[in-house]
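Trainee: one predicted model, sequence on top.
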Amino acid sequence: MKKIIHQLHLWLGLASSLILFLICLSGSVLTFQHEFEELLDPEIYHISTSPSRQLLPVDDLIQKLENHSQGKVASFVIPKESTRSYQFNVKMRPEDRRGKAVYVNPYTGDVLNNSGEKGEGFFFFFFRLHRWLLLDTEIGRPIVGIATIIFSFLLMSGLYLWWPKSRTHLKNSLKIKFTGNWKRINYDLHNSLGFYAIGFLLIMSLTGLFWSFEWYRNLGSIILRTNVFDRGGAPAEVVTATAKLPLYQLLGNFSVTGKKMVMLPPRENLAVTVLVVNEGLFTVNSTDKYEIDPYSGKVLKHDKFSDKTFGQKIASLIKPLHTGEFMGTLSKIIYFISCLIGTSLPITGFFIWFNKRRKNV
């Protein structure tokens, strides 16, 4: 049995090595995408403020932005910190899915990213490489998906092949013998580093498959007993009153701390949806959802993360579990290191095979 698994591990690893190298490499780059974007364009995300300055009403910001862009604001993000800009998603056409992200100074109403973001093209290249290998979506997505399934098998079979027979073997298997020759070092890098990263790489692989295959999403929905990537359907309907409350008043009455993502309804008789994101160094990246009557300010529906079932919590955390954002900066650092190890595994694995092949020739 072990010989069969070893052969499958070897040949599947060699066949998928280049694709897995590119997927893990691009994943490493994307781990700290937002941090690097802010480093490259600090003036877009960070603003100077003083106690004498007052926030402009968000309604005025929306009106000014829509007049400037000739588009329609579909949603916006109000950060927790007072020194950060607001992000507005502007749709130029009703059929646009998400719209363009526009950053605005909430104290002046000035648009901060007219000329585009410096890192936008760089990170979008690696995003396309990670998701579709720079190919058409219909071609690249299943290739990445199949390679991810192979990677999951390689991780689990690698753990099986690595598993030591005794405590002495376990001690030797957990460390890298840097005093050995380069072949021994390469072997230890593949086995020991692979063991330390296997749990995180397996989480990335199993969650990444939700974007690749519909059958996998359906299977995950059955196992978790909830719909994965469920957007919750249309907002609740409301009774039309004489006039809507201004958004600044609506959100002012809505006294909840945290980053707020506000989604404006596409029709007049629908509720305003507010997502409150809880995030921090040792805080699970969770989201509470509110639906608010835009005429009365009454909370019509409140979906608390803490009230969800275990399956619903996991389903709502699929993306942060894949990207490493589920525990803030700490988990992202761990994921970044794990991704780098994942990038090295096809290389060290190839040299293990190459060295053995040369020895047998």
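Mentor: Yep, that arrived. Residues are numbered from 1 along each chain as shown.
Trainee: first-to-last residue distance for stretch 286-303?
Mentor: With Cα to Cα, to the nearest Å applied, stretch 286-303 spans 11 Å between its terminal residues.
Trainee: can you pull up the most central residue in the chain?
Mentor: Central residue check for the chain by Cα atoms, centre = their mean: the C-alpha nearest the mean position is that of Thr323, 3.9 Å away.
Trainee: lowest-pLDDT helix or strand in this protein?
Mentor: Ranked by mean pLDDT, DSSP states H and E, the helix or strand of the chain with the weakest confidence is helix 167-173, at a mean of 80.
Trainee: can you classify Ile289 by secondary structure?
Mentor: Ile isn't right for residue 289; it's Lys. Recorded secondary structure, Lys289: strand (DSSP: H, G, I helix; E, B strand; the rest coil).
Trainee: who does it bridge with?
Mentor: Residues in a beta bridge with Lys289, per DSSP bridges, are Leu275, Asp303.
Trainee: surely it touches Val299?
Mentor: No. With contact defined as Cβ atoms under 8 Å, Lys289 does not reach Val299; the gap is 10.6 Å. From N, CA and C alone the C-beta is placed, and that goes for glycine too.
Trainee: circling back: what does the least confident helix or strand of the chain contact?
Mentor: Helix 167-173 has contacts (Cβ atoms under 8 Å, 6 or more residues apart in numbering) with Trp162, Pro164, Asn191, Ser192, Phe195.
Trainee: show the contacting residues for the second one.
Mentor: Right, Pro164. Pro164 is in contact with Leu170, Asn172, Ser173, counting by Cβ under 8 Å, 6+ apart.
Trainee: mind listing what's buried along the helix ranked longest in the chain?
Mentor: Criterion DSSP state H: the longest helix present in the chain is helix 328-360. Residues of helix 328-360 classed as buried by neighbour count (16 or more other Cβ atoms under 10 Å): 328, 331-332, 334-346, 348-352.
Trainee: where does pLDDT dip in the stretch 151-300 of the chain?
Mentor: Within the stretch 151-300 of the chain, the segments meeting pLDDT under 70 span 231-234, 239-242, 280-283.
Trainee: Arg217: neighbour count?
Mentor: Residues lying near Arg217 (other Cβ atoms under 10 Å) number 18.
Trainee: ok, the one 5 residues further on next?
Mentor: The number of residues packed near Ile222 is 11, by other Cβ under 10 Å.
Trainee: Phe210 too?
Mentor: Neighbours of Phe210 under the rule other Cβ under 10 Å: 21.
Trainee: next up, the contacts around it.
Mentor: Applying Cβ under 8 Å, 6+ apart, the residues near Phe210 are Tyr216, Arg217, Gly220, Val228, Phe229, Ile318, His322.
Trainee: domain map for the chain?
Mentor: Domain assignment for the chain, taken from automatic domain parsing, gives 2-34+122-226+329-360, 42-116.
Trainee: for stretch 23-39, output the C-alpha coordinates as PDB.
Mentor: Coordinates of the C-alpha atoms in stretch 23-39 are reproduced here as PDB (Å, rounded to 0.1, in the frame of the first residue of the first chain):
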ATOM      1  CA  ILE A  23      -0.600  28.900  -7.600                       C
ATOM      2  CA  CYS A  24       1.400  29.000  -4.300                       C
ATOM      3  CA  LEU A  25       3.700  31.700  -5.500                       C
ATOM      4  CA  SER A  26       0.800  34.000  -6.500                       C
ATOM      5  CA  GLY A  27      -1.000  33.100  -3.300                       C
ATOM      6  CA  SER A  28       2.100  34.300  -1.300                       C
ATOM      7  CA  VAL A  29       2.000  37.600  -3.200                       C
ATOM      8  CA  LEU A  30      -1.700  38.100  -2.600                       C
ATOM      9  CA  THR A  31      -1.600  37.400   1.100                       C
ATOM     10  CA  PHE A  32      -0.600  41.000   2.000                       C
ATOM     11  CA  GLN A  33      -2.200  42.700  -1.100                       C
ATOM     12  CA  HIS A  34      -4.100  45.300   0.900                       C
ATOM     13  CA  GLU A  35      -1.100  46.200   3.000                       C
ATOM     14  CA  PHE A  36       1.100  46.700   0.000                       C
ATOM     15  CA  GLU A  37      -1.500  48.700  -1.800                       C
ATOM     16  CA  GLU A  38      -1.700  51.000   1.100                       C
ATOM     17  CA  LEU A  39       2.100  51.200   1.200                       C
END
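Trainee: begin at 30 from now on, thanks
Mentor: Taking 30 as the first residue, the last one we looked at is stretch 52-68.
Trainee: which residues sit in contact with Thr286?
Mentor: Applying Cβ under 8 Å, 6+ apart, the residues contacting Thr286 are Lys109.
Trainee: any idea how far it lies from Ile107?
Mentor: 11 Å (Cβ to Cβ, to the nearest Å).
Trainee: Met121 now?
Mentor: 23 Å.
Trainee: same thing with Ile73?
Mentor: Applying Cβ to Cβ to Ile73 and Ile107 gives a distance of 16 Å.
Trainee: likewise for Gly326?
Mentor: Separation of Gly326 from Ile107 (Cβ to Cβ) stands at 16 Å.
Trainee: repeat for Trp192
Mentor: From Trp192 across to Ile107, the span is 50 Å (Cβ to Cβ).
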